[in-house]
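1. How does the following fold in three dimensions:
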Amino acid sequence: MKSQTVGIRRPLDALARGGACSAYLAGAGGCGMRGLASFLLECGWQVWGADRKAFSAADPLVRSGLVPLTEHEPPPPVTLAVRSVAVPPSSPAFAAARRAGPRGLVYSQLLGEISRLRPTLAVAGSHGKTTCTAWIAHGLRLAGRDPGFLVGGEVPQLGASAHWGEDRQPLVAESCEFDRSFHQLRPRWAALVNVDAEHPDTYPGGLPEVMEAFRHFLGLLPADGQVYAGPEVPSELAAATTAEWIQAEELDPATEVGLPGAHNRRNAALVATVLRAAEVPEPVIEEALRSYRGAARRLEVVGCCGGATVVSDYAHHPVEVAATLQALEERYPGRRRLVAFQPHQARRFTEYREDFVAALDRADALVLLPVYRARDPEDLLADVAEIRQPLLDRRPRPLLAVAGLDEAAAILRRWIAPGDLVVCLGAGDIDAFARRLAD
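-> Numbers count the residues shown, from 1 in each chain. Below you'll find the model as predicted:
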């Protein structure tokens, strides 16, 4: 994966199609949208942005030049209007912006256009995309390069979730299979972490349907591109692309990795393969694997409560829950794990109910929170208490299903003993709960 020369001086100018370099971003507070705003601002665009939660004057985007608007306040005339998928096209402010004449895009479409303007490494997979995207960028930086990157989470070692970097360097971008949004991209290279049944609202047919979506994505790569496949990626997917297929091998057991867990050793194997293809020297690769400390909400220690360490993790799929608990067992052997689990989406919880039971079996005590509903049909009901008895049948332990976050906090504070781990799992608002508990 060698650097490519971009033919125009400021690649993002092409997005304006001869107009002023000005944009309005609806839902600009989301991580991906923040990344796009950062790209535009770094490349000299004038950007207005709005979100449900108001921007503070201290927000890095505002300090970089973003002009904040209220959620319902239309922008002045702009050339480009972009919305998060969480913002409907009928949103009054976005609709008003569109009536003024600019092109209207959703997040994935704009990222797709950017991938056509700058050679892009798309990091895809059902789990581990954020970790691997940031880890690759970290390794390239250690090698003295200034890559662009777009990560689906804050990364302290990178200083931000997105950075345009040098035009001549690759853009390392996290790409998502939800709603088949990664089909909008035209990457030169792909790093494929793994493939699993996920997003049942997009893929009701399960794993076969997910595999077909990844085949389509791989088919978008050029014949002179490369696919770097993680150790657990099915080799049958190689037939889906004319690009060169490079499968990562498991790391030597003696290789030191900065993150715990068997899944992170597989992630590290993929990262090392990508960095070697980018001609990063081997000692730098070793340092990158050893020194990377992870992204926010990935095995993140957020503080203490009653002498217990409080960890927040984004895990919301059974495979991720199991991997997180295994990694914590590896990092903190012998410590009792008190788990607060908030299922994300009624559809996902219903589809993978039995798998969640198996994944949560590593917990020594459990508080089950109500399902955090997102994109769920109103008539689809799910009660987390449905897995209480199956978990108790596997082995007895303290285990309660609660009505809300306040009750969960009170119970955990009663259960906590010095030296325990309190592990808060989910993709909803449980991260804020974990931080309040730590306070």
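
2. ends of stretch 57-72, how far apart?
-> 19 Å (C-alpha to C-alpha, to the nearest Å).

3. So for it, what gets flagged as buried?
-> Of all the residues in stretch 57-72, those buried under the rule 16 or more other C-beta atoms under 10 Å are 59, 61, 66, 68, 69, 71. Any C-beta I mention is one placed from the backbone N, CA and C, and that applies to glycine too.

4. what does stretch 403-413 give?
-> So for stretch 403-413, counting by 16+ other C-beta under 10 Å, buried means 405, 408, 409, 411, 412.

5. And stretch 69-88, by the same measure?
-> In terms of neighbour count (16+ other C-beta under 10 Å), stretch 69-88 has its buried residues at 69, 71, 74-75, 78-87.

6. same deal with stretch 19-32?
-> 21, 22, 23, 24, 25, 26, 27, 28, 29, 30, 31, 32.

7. ok, so of the buried residues of stretch 57-72, who is nearest residue 128?
-> Here the nearest of the buried residues of stretch 57-72 to residue 128, counting by C-beta to C-beta, is residue 61; it sits at 26.7 Å.

8. And the strands in the stretch 251-400 of the chain, which stretches?
-> 300-305, 308-313, 337-341, 365-368, 399-401 (DSSP state E, counting those that start in this stretch).

9. any chance of those in JSON lines, plus mean neighbour count?
-> Below are those laid out as JSON lines (neighbours: other C-beta atoms under 10 Å):
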{"stretch": "strand 300-305", "mean neighbour count": "18"}
{"stretch": "strand 308-313", "mean neighbour count": "24"}
{"stretch": "strand 337-341", "mean neighbour count": "24"}
{"stretch": "strand 365-368", "mean neighbour count": "23"}
{"stretch": "strand 399-401", "mean neighbour count": "17"}
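
10. Could you dump those strands into JSON lines and include distance to residue 157 and mean pLDDT?
-> Compiled in JSON lines, these are given as follows (distance: least, C-beta to C-beta, whole Å; pLDDT from 0 to 100):
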{"stretch": "strand 300-305", "distance to residue 157": "13", "mean pLDDT": "97"}
{"stretch": "strand 308-313", "distance to residue 157": "18", "mean pLDDT": "98"}
{"stretch": "strand 337-341", "distance to residue 157": "26", "mean pLDDT": "98"}
{"stretch": "strand 365-368", "distance to residue 157": "32", "mean pLDDT": "98"}
{"stretch": "strand 399-401", "distance to residue 157": "37", "mean pLDDT": "97"}
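
11. need these in CSV with distance to residue 320, can you?
-> Formatted as CSV, these follow (distance: least, C-beta to C-beta, whole Å):
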stretch, distance to residue 320
strand 300-305, 14
strand 308-313, 8
strand 337-341, 12
strand 365-368, 16
strand 399-401, 21
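
12. closest to residue 108 out of the ones you listed?
-> In terms of C-beta to C-beta, the element of those nearest to residue 108 is strand 308-313, at 25.6 Å.

13. by contact count, what packs against that closest one?
-> For strand 308-313, the packing partners by 3 or more C-beta pairs under 8 Å, 6 or more residues apart in numbering; DSSP states H and E come out as strand 300-305, helix 318-331, strand 421-425, helix 430-438.

14. could those be laid out in JSON lines, adding distance to residue 354?
-> Listed next are these as JSON lines, based on distance: least, C-beta to C-beta, whole Å:
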{"stretch": "strand 300-305", "distance to residue 354": "28"}
{"stretch": "helix 318-331", "distance to residue 354": "9"}
{"stretch": "strand 421-425", "distance to residue 354": "17"}
{"stretch": "helix 430-438", "distance to residue 354": "22"}
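
15. Looking at the strands of the stretch 251-400 of the chain, which is nearest to residue 374?
-> Nearest of the strands of the stretch 251-400 of the chain (C-beta to C-beta): strand 337-341, 15.9 Å.

16. list the helices and strands the closest one packs on?
-> helix 318-331, strand 365-368, helix 405-415, strand 421-425, helix 430-438.

17. Name the surrounding residues that touch it.
-> 308, 321, 325, 328-329, 356, 360, 362-369, 384, 408, 412, 415-416, 420-426, 430, 433-434 (C-beta atoms under 8 Å, 6 or more residues apart in numbering).

18. Adjacent strands (with direction) for it?
-> strand 365-368 (parallel), strand 421-425 (parallel) (DSSP bridges).

19. What is the end-to-end distance of stretch 411-426?
-> End-to-end distance for stretch 411-426, by C-alpha to C-alpha: 18 Å.
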